[in-house]
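A.B. asks: Sequence first, predicted coordinates after that:
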Amino acid sequence: MNILVTGGAGYIGSHTSVALLEAGHTVIVADNLCNSKAETLDKVKQITKKEITFYQIDVTDKVSVDSVFSNHHIDGVIHFAGLKAVGESVDNPLAYYYNNIVSTMVLAKACQKYGVRRFVFSSSATVYGDNTVPFAENMNLLPTTNPYGETKAMSERILTDIVKANPTFSVSLLRYFNPVGAHESGLIGEVPIGIPNNLMPYVTQVAKGKLEKLRVFGDDYPTVDGTGVRDYIHVLDLAEGHVAALDNLTEGVHIYNLGTGQGTSVIELVKAFEEANGIKISYEIIDRRPGDIASCYADASKAKQELGWVAKRDVISMCRDSWRFEKNNKE
């Protein structure tokens, strides 16, 4: 199939582009490069030995999006493009609501205009709010703690309502947990701008000497060691989950958690990194971060049952692959 991947030059989008190409699909990428680089797509081509069509556009721009759809016979859309920093969304909510929600509406409208019936949406476990773990797809969603999470929940509702009005439209809502890791080639991985918001790139930058020490937000949560527990999933497993969702998509709305189903605390992840790479990570405990919850991990059984997908890579692999990419990354 010809698949439009929005945000395809980003962290998850680039790894999913690799998985799509390796599965035999054709990839068309749309990305405004606000948080990514075009060179990443050259590395995707290097890994796969296959070509990608690239449009440097903003998918909130209806005219630009229309030109892409009119230039190609598109069979499906995987929509990653969006702003994604939780803290920044609190400081600048209008940018998040506009970018993340308008882009979803513009793309969905283009799909309707051009008869594209497959739509895979990059959602987040953030939509569960502070629910009871493990998070399952049939739970009632609680209010999220930040505008970023609200944009994901709203986009889910918009796509669900579109399907109600257009029953032949097929939507898969993929709720990610915590993507980490990198491609085993070391060519592509997570490249945050400025000080990382996510744990793993912060750890790798401490290991590299770019940052002095890791800041751990709180050690008084009701968890195994007092630090926050999250479901870390290798980005390659996550990418393969998108291909499975796309290939198995049928009419209606389908919601899947993409996670391992296991929680790992911040300190456990640090220790795993030290074990995987033989490097000591300095850290300090500081106050809790507003909006953080104690534990967040998936019930991933639905994706296994309906898509035949399971996360295969362990935390040690995540740590090893993350460090390989960081060592290769010249920035």
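C.D. replies: On my side now, so go ahead.
A.B. asks: Tell me where the model's unsure across the protein.
C.D. replies: 331 (pLDDT under 70).
A.B. asks: For it, which segments count as strands?
C.D. replies: All strands of the chain, identified by DSSP state E, fall at 2-6, 26-30, 53-55, 76-79, 118-124, 170-176, 178-180, 214-217, 229-230, 232-234, 252-258, 264-265, 283-286, 295-296.
A.B. asks: Make a markdown table from these and add distance to Thr204 and mean neighbour count to it.
C.D. replies: (C-beta placed from N, C-alpha, C; glycine too.) What follows is these, written out as a markdown table (distance: least, Cβ to Cβ, whole Å; neighbours: other Cβ atoms under 10 Å):
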| stretch | distance to Thr204 | mean neighbour count |
| --- | --- | --- |
| strand 2-6 | 25 | 25 |
| strand 26-30 | 26 | 24 |
| strand 53-55 | 27 | 18 |
| strand 76-79 | 27 | 25 |
| strand 118-124 | 22 | 24 |
| strand 170-176 | 20 | 23 |
| strand 178-180 | 10 | 24 |
| strand 214-217 | 10 | 18 |
| strand 229-230 | 17 | 22 |
| strand 232-234 | 14 | 25 |
| strand 252-258 | 22 | 22 |
| strand 264-265 | 16 | 22 |
| strand 283-286 | 13 | 13 |
| strand 295-296 | 22 | 21 |
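A.B. asks: got JSON lines for those strands, with distance to Lys164 too?
C.D. replies: Formatted as JSON lines, the strands of the chain follow (distance: least, Cβ to Cβ, whole Å):
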{"stretch": "strand 2-6", "distance to Lys164": "23"}
{"stretch": "strand 26-30", "distance to Lys164": "27"}
{"stretch": "strand 53-55", "distance to Lys164": "31"}
{"stretch": "strand 76-79", "distance to Lys164": "19"}
{"stretch": "strand 118-124", "distance to Lys164": "14"}
{"stretch": "strand 170-176", "distance to Lys164": "11"}
{"stretch": "strand 178-180", "distance to Lys164": "30"}
{"stretch": "strand 214-217", "distance to Lys164": "40"}
{"stretch": "strand 229-230", "distance to Lys164": "33"}
{"stretch": "strand 232-234", "distance to Lys164": "30"}
{"stretch": "strand 252-258", "distance to Lys164": "9"}
{"stretch": "strand 264-265", "distance to Lys164": "38"}
{"stretch": "strand 283-286", "distance to Lys164": "46"}
{"stretch": "strand 295-296", "distance to Lys164": "29"}
